[in-house]
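# sequence-free structure coming up:
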């Protein structure tokens, strides 16, 4: 099965019970709305890529880890979109969860997705059960406090915040969790996979800043020019467009250099270079 | 160490990293505010009691399971108190989290507590690692959708809800999770411990209805008469005071009868009878 099919299957499996006939129907609909159809599924694809590079000896566990990472990403989007944060009316081209279902159900859907993410790690062959605590640690650290998504978002509520720490917690931590979880699901030494995920997370953030500055809205499916309009920190504002593109290139090279020794290293290298090219908006192909 | 000391120690350990020097300071303060000082810690005491009755061969794992259950209970209180649900200004005699720290940090503190609850299950001796997936399943089911706390709260957002299903998911599920988690942490057959938890959860709900109807506010530390004032379902409204007291008595007897065969059965029986007496407000001692 190709990685994306594995991911969609694992997400469907994780949500099937939570949204089943016994669930409150509107909650079930809100949970599905938050997860399907997805975006690019960048983070879970990274889980599968790392697992494959490490031999992928327990593919179901890797799929479950990938689903957990994506469900937590979706949960953070649902809660970030709520009125007390971004008050975003749309997400992935349709109404945000609170716009479609109201604030109470958006709050509960986010909570339910967090629970479903951890819950999906429990069904595992006895042979691989000992890997579950490691996955809990990796994934918990990537999304909790002090250095995961929750902390990243909370830095927005502090009078003073270090920009690097903020971006690292809000974006890079889940990428690092993705590569580490993929390796851990395959029984590999996961610590070595953190720097790769951090490089990719930073690259993704820079690419997002570039897209915001220069892409056409229809290219990226959301409004552009938001960083400048809202005075938000951005690699393009800090380094200029050429500087940001150069930075993205050097982050890609650093990511490739950070791939740990593993059976599937050459394939992972190709994948990262390919994905890095996809991150640059088509309108910049000739810059 | 007595059970309550074990619980407070385990909660402190679970929050230490999340609230450490690297955490956003206001988030750290909000997390602590939500957990300390606690209420009666009824649910985690039930985890420890079940583990002890089953031999408690892995006490640290039981403590971690107890902390997880209590952190999830605290998370549900933080989110239930928010303006889009109960809009409660106080909790446990002090400002609710959103009243003290604002809505964004209350939302994030609840999320952070859910993550911390699952994260605290990861540090476990290799010998007992295989019990962790079981704990994930039990605890995930007790708090998620379709039949845990999140679902219970979500039934409030449905046009039609079955009262029994609603109360079972909102209250009894976490009690059932507590007894089952205690047994599972000690390596016992956990399914047999579900009916006991469900009986105790229902008893707790009935006792809460009785207290709301007849206790003095200073006895229970919160306003009384809310069920009648708000037209909420209540055992006292359905059965009358004497009927509700009789129902509580029969639920206590059913709980005692539901204790599975285990080494510590007589001690657990005494504990349940003792706790049941504590649930009845002192002003009713002679009814």
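Perfect, thanks for sending it. This structure is a prediction, so every number in the text was calculated from the model and none was measured. Numbering: from 1, shown residues only, chains lettered A, B, ... in the order given.

# any stretches of the stretch 101-250 of chain A with poor pLDDT?
Low-confidence segments of the stretch 101-250 of chain A, defined by pLDDT under 70, span residues A:221.

# again, only using 80
Scanning the stretch 101-250 of chain A for pLDDT under 80 picks out A:217-223, A:230-232.

# and whatever residue of the stretch 151-287 of chain A ends up closest to chain B, how many neighbours does it have?
Nearest residue of the stretch 151-287 of chain A to chain B (CB to the nearest CB) works out as residue A:154 at 3.8 Å. (Each C-beta comes from the backbone N, C-alpha and C, glycine too.) By other CB atoms under 10 Å in any protein chain shown, 30 other residues sit near residue A:154.

# do the same with the one 3 residues further on
The local packing count at residue A:157 equals 20, with neighbours defined by other CB under 10 Å.

# for chain B, what are the nearby residues on the stretch 151-287 of chain A?
Residues of the stretch 151-287 of chain A lying close to chain B (CB under 8 Å from any CB of the partner chain) are A:151, A:153-158, A:161.

# dump these to a markdown table, plus secondary structure and distance to residue B:86.
Shown next, in a markdown table, are these (DSSP: H, G, I helix; E, B strand; the rest coil; distance: CB to CB, whole Å):
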| residue | secondary structure | distance to residue B:86 |
| --- | --- | --- |
| A:151 | helix | 27 |
| A:153 | helix | 23 |
| A:154 | helix | 23 |
| A:155 | helix | 28 |
| A:156 | helix | 25 |
| A:157 | helix | 22 |
| A:158 | coil | 27 |
| A:161 | coil | 31 |
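
# from those residues, pick the one nearest residue A:31.
residue A:153 (20.5 Å; CB to CB).

# ok, that closest one - contacts?
By CB atoms under 8 Å, 6 or more residues apart in numbering or on different chains, the contact list for residue A:153 reads A:76, A:79-80, A:85, A:170, B:104, B:108.

# how confident was the prediction at the most centrally placed residue in chain A?
Taking CA atoms, centre = their mean as the criterion, residue A:43 is the residue nearest the geometric centre of chain A, at 4.0 Å. You'll see residue A:43 listed with a pLDDT of 97.

# about what we covered before: who wins for neighbours among the contacts of residue A:153?
When neighbours are counted by other CB under 10 Å, residue B:108 leads the contacts of residue A:153 with 31 neighbours.

# next, that residue: secondary structure please.
Using DSSP: H, G, I helix; E, B strand; the rest coil, the structure places residue B:108 in helix.

# residues in contact with it?
For residue B:108, the contact set (CB under 8 Å, 6+ apart) comprises A:79, A:150, A:153-154, A:157, B:27, B:30.

# 10 Å - rerun?
Neighbouring residues of residue B:108 by CB atoms under 10 Å, 6 or more residues apart in numbering or on different chains: A:79-80, A:84-85, A:145, A:149-154, A:156-157, B:24, B:26-27, B:30-31, B:78, B:97, B:101.

# where is the longest helix in chain A?
When chain A is parsed with DSSP state H, its longest helix is helix A:235-258.

# that one: how far from the chain's middle?
20 Å (CA atoms, centre = their mean, to the nearest Å).

# buried set for the helix or strand following it?
Next in sequence after helix A:235-258, counting helices and strands by DSSP states H and E, comes helix A:265-279. Across helix A:265-279, burial judged by 16 or more other CB atoms under 10 Å in any protein chain shown covers A:268, A:271-272, A:275-276, A:279.

# dump these to JSON lines, plus pLDDT and distance to residue B:134.
Listed next are these as JSON lines, based on pLDDT from 0 to 100; distance: CB to CB, whole Å:
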{"residue": "A:268", "pLDDT": "95", "distance to residue B:134": "34"}
{"residue": "A:271", "pLDDT": "91", "distance to residue B:134": "36"}
{"residue": "A:272", "pLDDT": "93", "distance to residue B:134": "37"}
{"residue": "A:275", "pLDDT": "86", "distance to residue B:134": "37"}
{"residue": "A:276", "pLDDT": "86", "distance to residue B:134": "41"}
{"residue": "A:279", "pLDDT": "82", "distance to residue B:134": "41"}
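
# now, the most widely separated pair of these?
Largest separation among the buried residues of helix A:265-279 by CB to CB: A:268 and A:279, giving 16.4 Å.

# one step back: of the contacts of residue A:153, closest to residue A:9?
residue A:76 (22.5 Å).

# isn't there a strand covering the closest one?
No: looking at residue A:76 with three-state DSSP, it is helix, so not inside a strand.

# quick check: chain neighbours aside, which residue is closest to it?
Nearest non-adjacent residue to residue A:76, counting by CB to CB, 6 or more residues apart in numbering or on different chains: residue A:149, 4.9 Å away.

# pull the number of nearby residues for the one you found.
Using other CB under 10 Å, residue A:149 is surrounded by 27 other residues.

# try residue A:246
Residues near residue A:246, counting by other CB under 10 Å: 12.

# what ranges do the strands span in the stretch 1-150 of chain A?
Using DSSP state E, counting those that start in this stretch, the strands assigned to the stretch 1-150 of chain A run over residues A:90-91, A:94-95.

# give me the contact list for the first one.
The contact list for strand A:90-91, computed with CB under 10 Å, 6+ apart, reads A:33-34, A:39, A:74, A:77-78, A:80-81, A:96-100, A:221-223.

# gap between that strand and the chain center?
Offset of strand A:90-91 from its chain centre (CA atoms, centre = their mean): 17 Å.

# what strands line up against that strand, and which way round?
Strand pairing for strand A:90-91, using DSSP bridges, gives strand A:94-95 (antiparallel).

# contact partners of the partner strand?
Residues from elsewhere that reach strand A:94-95 (CB under 10 Å, 6+ apart): A:33, A:37, A:81, A:88-89, A:100-101.

# what's the domain layout of chain A?
Listed domain ranges for chain A are A:1-188, A:190-287 (source: automatic domain parsing).

# and stretch A:175-190, what's buried?
Buried residues in stretch A:175-190, counted by 16+ other CB under 10 Å: A:175-188, A:190.

# just stretch A:212-224 next, same as before
A:212-215, A:224.

# export those residues as JSON lines, with columns for secondary structure.
As requested, these are exported to JSON lines (three-state DSSP):
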{"residue": "A:212", "secondary structure": "helix"}
{"residue": "A:213", "secondary structure": "helix"}
{"residue": "A:214", "secondary structure": "helix"}
{"residue": "A:215", "secondary structure": "coil"}
{"residue": "A:224", "secondary structure": "coil"}
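
# OK, contacts around residue A:224?
With contacts defined as CB under 10 Å, 6+ apart, residue A:224 is in contact with A:211-218, A:281.

# so how far is residue A:89 from it?
Computed as CB to CB, to the nearest Å, the residue A:224 to residue A:89 distance reads 17 Å.

# and if you look at residue A:106?
12 Å.

# how much space separates the residue of the stretch 151-287 of chain A closest to chain B from residue A:170?
Using CB to CB, residue A:154 is found at 9 Å from residue A:170.

# now swap in residue A:284 and tell me
Here the criterion is CB to CB. By it, residue A:284 lies 25 Å from residue A:170.

# can you verify my assumption that residue A:275 contacts residue A:3?
No: using CB atoms under 10 Å, residue A:275 is not in contact with residue A:3; the gap is 12.0 Å.

# and for these two, which residues touch both?
Jointly contacting residue A:275 and residue A:3 under the rule CB under 10 Å, 6+ apart are A:45-46, A:49.

# of those residues, which is the most crowded?
Using other CB under 10 Å as the neighbour criterion, residue A:46 leads the shared contacts of residue A:275 and residue A:3 with 31 neighbours.

# for the nearest residue to that residue once chain neighbours are set aside, phi and psi?
Nearest residue to residue A:46 in three dimensions, chain neighbours excluded: residue A:178, at 4.1 Å (CB to CB, 6+ apart). Dihedral pair for residue A:178: phi -70, psi -50, per degrees, to the nearest 10.

# could you check how far residue A:178 is from residue A:201?
9 Å.

# returning to that earlier point: ok, residue A:106 and residue A:89, which is more surrounded?
Neighbours were counted for residue A:106 and for residue A:89 using other CB under 10 Å; residue A:106 has more, 24 against 11.
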